[in-house]
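# Structure for this input, please:
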Amino acid sequence: MLRTYEALYIIQPDLGDDEIQAVAKQVESLITDNGGSIVRSEIWGKRKLAYQVDKWTEGCYVLLRYEAPAEFNKRLENYFRLSDSVIRFLITYFDEQTLRLEEEQQKRKQAEIQASASRGRDDDDDDDRPSRPRQRVVVKDETEEE
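Presented below is the predicted three-dimensional model:
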């Protein structure tokens, strides 16, 4: 049975963008080669660390959500520990209740976005100009006799 996990790992900041991409692809292929699947992969880029880790004060953050068998995590942890380019890592398990809550939050957020977009369309009809009272203009034809 596949379970949903999220791995956040930090890569050394002195690596180039191509090398960072290569490390991320290696992790993804490790997951897919062992019967898992990638749900979402995000490279957040370089950020300052809260405290110094080894000799590093900043690192490149990568967030990866995946589905894999429970016994696979030991293998992924070993990969992170043995990899010279990975500074720190954290793997989190998402149970069914957490996934349901997250899905409900996304639905609520989409509904709010749609509601604000429809309100925005109604407001666009006003052209965002302050409303002025309409004036009635009467043009008197000089040829008419009074």
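
# okay, CA-based contacts and neighbour counts for the rest of this
Fine.

# Give me the buried stretch members for the lengthiest helix in the chain, please.
Longest helix in the chain, counting residues (DSSP state H): helix 96-124. Buried residues in helix 96-124, counting neighbours by 16 or more other Cα atoms under 10 Å, are absent.

# do stretch 57-65 as well
Result for stretch 57-65 [16+ other Cα under 10 Å]: buried residues 58-65.

# quick one: contacts for the closest residue to residue 61 other than its chain neighbours?
Leaving aside its sequence neighbours, residue 61 sits nearest to residue 10 (Cα to Cα, 6 or more residues apart in numbering; 4.6 Å). Residues in contact with residue 10 (Cα atoms under 8 Å, 6 or more residues apart in numbering) are 59-62, 86-89.

# among the residues you listed, which are in helices?
Among these, none falls in helices (DSSP H).

# With distance to residue 77 and pLDDT added, can I get those residues in JSON lines?
Shown next, in JSON lines, are those (distance: Cα to Cα, whole Å; pLDDT from 0 to 100):
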{"residue": "59", "distance to residue 77": "19", "pLDDT": "93"}
{"residue": "60", "distance to residue 77": "18", "pLDDT": "94"}
{"residue": "61", "distance to residue 77": "16", "pLDDT": "95"}
{"residue": "62", "distance to residue 77": "15", "pLDDT": "94"}
{"residue": "86", "distance to residue 77": "11", "pLDDT": "93"}
{"residue": "87", "distance to residue 77": "12", "pLDDT": "93"}
{"residue": "88", "distance to residue 77": "10", "pLDDT": "93"}
{"residue": "89", "distance to residue 77": "8", "pLDDT": "94"}
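
# tell me which of the residues you listed is nearest to residue 113?
Taking Cα to Cα as the measure, residue 113 sits nearest to residue 62 out of the contacts of residue 10, at 27.5 Å.

# so that closest one touches residue 47, yeah?
No - assessed by Cα atoms under 8 Å, residue 62 is found out of contact with residue 47, at 10.8 Å.

# what's the lengthiest strand in the chain in contact with?
Ranked by residue count, the top strand of the chain under DSSP state E comes out as strand 37-53. By Cα under 8 Å, 6+ apart, the surrounding residues in contact with strand 37-53 are 13, 28, 31-32, 57-68, 87.
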